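Engineer: Just need the structure, nothing else, for what follows:
(2 chains)
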Amino acid sequence: AQTVTQSQPEMSVQEAETVTLSCTYDTSENNYYLFWYKQPPSRQMILVIRQEAYKQQNATENRFSVNFQKAAKSFSLKISDSQLGDTAMYFCAFMNYGGSQGNLIFGKGTKLSVKP
Amino acid sequence: EAGVTQFPSHSVIEKGQTVTLRCDPISGHDNLYWYRRVMGKEIKFLLHFVKESKQDESGMPNNRFLAERTGGTYSTLKVQPAELEDSGVYFCASSRPGQVNEKLFFGSGTQLSVL
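Structural biologist: Just a heads-up that it's a prediction; the model follows:
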């Protein structure tokens, strides 16, 4: 069975600094999708970034980038120039390429606090 | 454009009672999903509607849970009778018709507490 592991339950970072959130996953599939979702204290979860496993280039979205290491089954999220609004729960998620749409496998989440 | 809305935002009920959660997806989103996060555990997929049809209900925990989407618009998730282990946050999400990795838009969730 596929699993997603986020080994850091909580993290904190100073405003303007860089932080990296870890995510590892376990699958025997070769093609799949990986996602990072952010859930601010208001609780509405939003997509931060996504990566297709067949793409070697790491995805980036403004201050957010990933380090996708397929062989190591690692998918870390780097947040540069952290802002107070980045304070949130961050969830890493996996989806099979041929799987049912929306049938995501989530990690337990990392609570990130950005301190002024 | 209105986002995905869920209500109630909180519900406190006693064991054995019935609760119905509602989700209104973004207009035009054929796909609607339900998820649940039990305290301290991962968010789990429950099921996926395409319009009014259940595309995948592999995550539904047992027959105490009934999801409907009559007319292909809003959806309800009924828990009857509720048990203590049903406590958690129930999320709904929707997406446009399209590719399997289409972006999901989530609601704020319903916090269900079963006492």
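
Engineer: Quick check: bridge partners of the spatially most central residue of chain B?
Structural biologist: Geometric centre of chain B, nearest residue: B:Trp34, 3.2 Å, by C-alpha atoms, centre = their mean. With DSSP bridges applied, B:Trp34 shows beta-bridge pairing to B:Leu47, B:Cys92.

Engineer: For it, list the residues it contacts.
Structural biologist: Counting by C-beta atoms under 8 Å, 6 or more residues apart in numbering or on different chains, B:Trp34 makes contact with B:Cys23, B:Phe45, B:Leu46, B:Leu47, B:Ala67, B:Ser75, B:Leu77, B:Tyr90, B:Phe91, B:Cys92. For glycine as for every other residue, the C-beta is placed from the backbone atoms N, C-alpha and C.

Engineer: Would you quantify the distance from it to A:Ala88?
Structural biologist: Applying C-beta to C-beta, to the nearest Å, the value for B:Trp34 to A:Ala88 is 22 Å.

Engineer: next one: B:Lys78
Structural biologist: 30 Å.

Engineer: Now do the same for the nearest residue to A:Asp86 once chain neighbours are set aside: helix, strand or coil?
Structural biologist: Spatial nearest neighbour of A:Asp86, excluding adjacent residues (C-beta to C-beta, 6 or more residues apart in numbering or on different chains): A:Val114 at 5.0 Å. Three-state assignment for A:Val114 (DSSP: H, G, I helix; E, B strand; the rest coil): strand.

Engineer: how many neighbours does A:Val114 have?
Structural biologist: 20 (other C-beta atoms under 10 Å in any protein chain shown).

Engineer: who in chain A is up against chain B?
Structural biologist: A:4, A:33, A:37, A:42-47, A:50, A:52, A:91, A:95, A:97-109 (C-beta under 8 Å from any C-beta of the partner chain).

Engineer: In ChimeraX, how would I select just the buried ones from those?
Structural biologist: To isolate the buried ones among those in ChimeraX, judged by 16 or more other C-beta atoms under 10 Å in any protein chain shown, type:
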select /A:4,33,37,43,44,45,50,91,95,99,100,101,102,103,104,105,106,107,108,109
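
Engineer: So which of the residues of chain A next to chain B belong to helices?
Structural biologist: The helices, defined by DSSP state H, take in nothing from the residues of chain A next to chain B.

Engineer: Out of the contacts of B:Trp34, which comes closest to A:Arg63?
Structural biologist: B:Phe91 (25.4 Å; C-beta to C-beta).

Engineer: Let me see the contact set for that closest one.
Structural biologist: With the criterion set at C-beta under 8 Å, 6+ apart, B:Phe91 makes contact with A:Met45, B:Gln6, B:Trp34, B:Tyr35, B:Arg36, B:Arg37, B:Ile43, B:Phe106, B:Gly107, B:Gly109.
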